[in-house]
Structures are given as C-alpha cells and as structure tokens.
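> Provided below for reference: sequence and predicted model.
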Amino acid sequence: MRSENTTFRGGPLDGRVLPVLVGSTGHPPKWYEVPVPDADGGPATVYAYRRVPAGYSKRLGVQRGWVYEYAPEGRERHTLKWPWSKPS
C-alpha cells in the first residue's frame, strides 16, 4: 500500500505530519479518527479529522494536496437516501 505524508491542523495533532494510507484513487480517506485510551481504563476518546484541500496554485487553480482539519463536533453520520425510501 502507498502512503502520503499529510499535515494535521487543530486539535491534539496540530502541526504534525503523519503518513496516511491512500486508496486506489490516490486520495487519503475523507475522515481520519484517532482513538486515545483513557488513563483510568475508561472508554477511549476519539478525535476526528476531516480531509480538506491544502490550497490551490495561483495560475491554474490546481489543488496542492490534502490537509486534515480537526472536527470538534465529531464525525458526521449520514444515512443512505434511496429514491424509493419514505421520507422521515
């Protein structure tokens, strides 16, 4: 598997650059979750990071890669919306 060094912004991993595995398309996953075990043996705290574009070039507007930003509200959950499903 191939990995890409990705920068993290905000939260406990602010400023760190970690190798993240990329998929078959060459992109890292949309969400990166970091479980941190509790010192007292309780449930682990999970920090969520959302993938956002790192920036764009000036002349052509080409994207320059990816950065993970801290999402304090946690990961957004969504359900599949099939055309034949009833509205909730």
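Good, I have the coordinates.
> what are the buried residues along the longest strand seen in the chain?
When the chain is parsed with DSSP state E, its longest strand is strand 45-53. Buried residues in strand 45-53, defined by neighbour count with 16 or more other C-beta atoms under 10 Å: 47, 48, 49, 51. Backbone N, C-alpha and C define where each C-beta goes, glycine included.
> backbone phi and psi for residue 11, please?
The phi/psi pair for residue 11 (degrees, to the nearest 10) reads phi 70, psi -160.
> and for it, the neighbour number?
Using other C-beta atoms under 10 Å, residue 11 has 15 other residues around it.
> for it, what are its contacts?
47, 49, 70, 72 (C-beta atoms under 8 Å, 6 or more residues apart in numbering).
> please repeat the previous calculation with a cut-off of 6 Å.
47, 70 (C-beta atoms under 6 Å, 6 or more residues apart in numbering).
> could you report the pLDDT at it?
Here the pLDDT value assigned to residue 11 is 90.
> ok, now how distant is it from residue 80?
Separation of residue 11 from residue 80 (C-beta to C-beta, to the nearest Å) stands at 29 Å.
> kindly report the same for residue 36.
Here the criterion is C-beta to C-beta. By it, residue 36 lies 30 Å from residue 80.
> so residue 35 is in which element?
If you go by DSSP states H and E, residue 35 is part of strand 31-36.
> so how far is that strand off the chain centroid?
Relative to its chain's centre, strand 31-36 lies at 8 Å (C-alpha atoms, centre = their mean, to the nearest Å).
> what are the buried residues along that strand?
In strand 31-36, counting by 16+ other C-beta under 10 Å, buried: 32, 34.
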